[in-house]
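1. For reference, the sequence and a predicted model appear below.
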Amino acid sequence: MKKICLTVVGMYLVILNAFSQQAPKDTTAYKSRKLRTEEVSIVSSYYTQKADKSAVMGGRTDPKGNGDVTDFSNSIELKLAFLDSAHRKNNFTFGMGYDHHTAASQGYIDSNGHARNNGTRLYPTLDWSRENKIKGSEVGLGLYFSHESQYYNSLGFNGSVSQKTRNNGEFSVKVSAFLDKIHMINPAEFNPPLVVTTVAPTDSVVYITTASGHRRALVFHNGGSTTVSGQMPDIVKSRNTISASFSFAQVINERMQASIAMDLVYMKGYLGLPFHRVYLNTGKDTIETLPSSRFKLPIGLRMNYFVGDKLILRAFYRYYLDSWGLRSHTASLETAIKLTPFFSLSPYYRFYRQTAAKYFAPYATHTLNDEYYTSNYALAAFTSHAWGMGLRLAPPKGVLMQSLAALELRYGHYSQTTNLVSNVISVDLKFK
């Protein structure tokens, strides 16, 4: 928690200095075509997880199956806007995120638990949209990149269009593509041995593999040891995802709004992870093997009901199915309770239940006759519950200063019937 506070305060002071140099805002609503800053958002979060049955160790429930995780995340988002010659509003959003995590299971990529158990992820984003209020239409483009430690890169694109109807409705379409590259970091026992040519007949050698794919040989001789380093061949496999999202939103009356959404998702390529073990019923272990394609179809319904000026109810339901045999139901309810004109609370609850994918089996259950196999409990049958509370403070004169328009705090608790429990807390600062 100290890390969160120090990071947020540091970012806050930087933004405070930057905004203190600005002239008072022009409230004439975009009479000028000049590019201007609309909002700066800074988010920090801290996530903790307690679990067993890690996929790296094939779903084992002993101490080697430890699935504990911590993640510390920071992101900043800058929103800019201007009017073009046709008086259409153009919006640009630049984002940058950085995560640092520790994962107990990651250490067991090396079978003795000595691999590196932490990593980082960097993910810049860029979005553009153009809104035509006269025609009630909007178009948008997005570009995304993610790099995680030494094993994963992803490049994403999307395009979207939306059109409002005469009866207070809006139809939207979004098409996305993500091109992923996965570095094949196998569990240590599946890597070919590193050749050490300077070992005397009386010496001994112990090989270890780091989480970043480096192979090291510890040469023991005369009561001491020498480390010889080597690099495993860098084998990279691809995974591509294409999706199309369709949604329609409708204002039913002055108190109720509803929407329906459907996604069509197709994945192709290497869809497992190379460091996920699977233990067979013979006692031997192997590497997770899954089909090279997957189709997903989620359909969701959402409804917002304005009980009064101080209470909003938000309900959501989604049904999901895919070509791997997994089916799921999600239902959630969130309320926004406005205690004062500038202070609100938003408690929420979400229920989720899924069936197992047809390629999943627990630890030491798969057989040699299985074509595909995984013991990743994300593909198991389970039920989960999530609940939490959000707090939003947005006084008209700002929070402590005029430019800090809103402060949001959020806490969430999550539990699964697979013996996984997690907690997350986040802080969101919005400057205008």
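-> Structure received.

2. Okay, now the unreliable bits of the stretch 101-250 of the chain?
-> The model of the stretch 101-250 of the chain has pLDDT under 70 over residues 192-233.

3. hey, where'd the helices end up in it?
-> Using DSSP state H, counting those that start in this stretch, the stretch 101-250 of the chain contains no helices.

4. Kindly state the beta-bridge partners for residue 36.
-> Beta-bridge partners for residue 36, by DSSP bridges, are residue 81.

5. give me the number of residues near it?
-> 13 (other Cβ atoms under 10 Å). Every C-beta, even on glycine, is put in place using the N, C-alpha and C of the backbone.

6. residue contacts, it?
-> Each residue near residue 36 by Cβ atoms under 8 Å, 6 or more residues apart in numbering is listed here: 80-82.

7. and if you look at residue 117?
-> 102-104, 106-107, 211.

8. mind putting the contacts of residue 36 in CSV, pLDDT included?
-> Below are those laid out as CSV (pLDDT from 0 to 100):
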residue, pLDDT
80, 97
81, 96
82, 94
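
9. In ChimeraX, how would I select just the buried ones from those residues?
-> Remark: buried members of these, expressed as a ChimeraX selection using 16 or more other Cβ atoms under 10 Å:
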select :80,81
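
10. Which of the contacts of residue 117 sits closest to residue 400?
-> The closest of those to residue 400 turns out to be residue 102 (Cβ to Cβ; 33.2 Å).

11. The closest residue to that closest one other than its chain neighbours and residue 49, how far apart?
-> Spatially, and ignoring its direct neighbours in sequence, residue 102 is nearest to residue 118 (4.5 Å; Cβ to Cβ, 6 or more residues apart in numbering). Applying Cβ to Cβ, to the nearest Å, the value for residue 118 to residue 49 is 14 Å.

12. neighbour-wise, which of those two wins?
-> Each of residue 118 and residue 49 has its neighbours counted (other Cβ under 10 Å); residue 49 has more, 18 against 13.

13. Can you tell me the element the more buried one falls in?
-> If you go by DSSP states H and E, residue 49 is part of strand 36-50.

14. Give me the distance from that strand to the chain's centre.
-> Remark: strand 36-50 is offset 13 Å from the chain centroid, using Cα atoms, centre = their mean, to the nearest Å.

15. How about stretch 151-163?
-> With Cα atoms, centre = their mean, you get 14 Å for stretch 151-163.

16. Start and end of stretch 378-385, how far apart?
-> 15 Å (Cα to Cα, to the nearest Å).

17. wait, stretch 329-349
-> 14 Å.

18. can you list the domain ranges for the protein.
-> As assigned by automatic domain parsing, the chain contains the domains 2-20+36-185+239-431, 192-231.

19. Tell me which of those domains sits most buried.
-> Among the domains of the chain, ranked by average contacts under mean count of other Cβ atoms under 10 Å, first place goes to domain 2-20+36-185+239-431 (a mean of 16).

20. ok, the contacts of residue 36 vs residue 98, which is closest?
-> Closest to residue 98 out of the contacts of residue 36 is residue 80 (21.4 Å), distances taken as Cβ to Cβ.

21. Identify the residues contacting the closest one.
-> Residues near residue 80 by Cβ under 8 Å, 6+ apart: 35-38, 91-94.

22. Closest to residue 320 out of those residues?
-> Residue 320 has its nearest neighbour among the contacts of residue 80 in residue 93, at 28.3 Å by Cβ to Cβ.

23. how close does the closest one get to residue 346?
-> 23 Å.

24. One more: residue 296?
-> Remark: distance between residue 296 and residue 346 (Cβ to Cβ) = 29 Å.

25. Can you tell me who the nearest residue to residue 88 once chain neighbours are set aside pairs with across the strands?
-> Excluding its sequence neighbours, the residue lying closest to residue 88 (Cβ to Cβ, 6+ apart) is residue 132, at 4.9 Å. Beta bridges link residue 132 to residue 137 when assigned by DSSP bridges.

26. isn't residue 132 right up against residue 163?
-> No - when contacts are counted by Cβ atoms under 8 Å, residue 132 is not listed as touching residue 163 (9.8 Å).

27. what touches both of these two?
-> Here residue 132 and residue 163 share no contacting residue, scored by Cβ under 8 Å, 6+ apart.

28. circling back to that earlier point, among the contacts of residue 117, which ones are in strands?
-> Members of these lying in strands (criterion: DSSP state E): 102-103.

29. Could you single out the nearest of the contacts of residue 117 to residue 362?
-> Ranked by distance to residue 362 (Cβ to Cβ), these are led by residue 104 at 19.6 Å.

30. Would you agree the closest one is in contact with residue 51?
-> No - look at residue 104 against residue 51 with Cβ under 8 Å: they stay out of range, at 9.0 Å.

31. any residues in contact with both of those two?
-> Residues touching both residue 104 and residue 51 by Cβ under 8 Å, 6+ apart: 66-69.

32. Now intersect these with the strands, please.
-> Reading strands off the shared contacts of residue 104 and residue 51 with DSSP E, I get residue 69.

33. mind putting the shared contacts of residue 104 and residue 51 in CSV, pLDDT and distance to residue 327 included?
-> Formatted as CSV, those follow (pLDDT from 0 to 100; distance: Cβ to Cβ, whole Å):
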residue, pLDDT, distance to residue 327
66, 94, 30
67, 95, 24
68, 96, 29
69, 96, 27
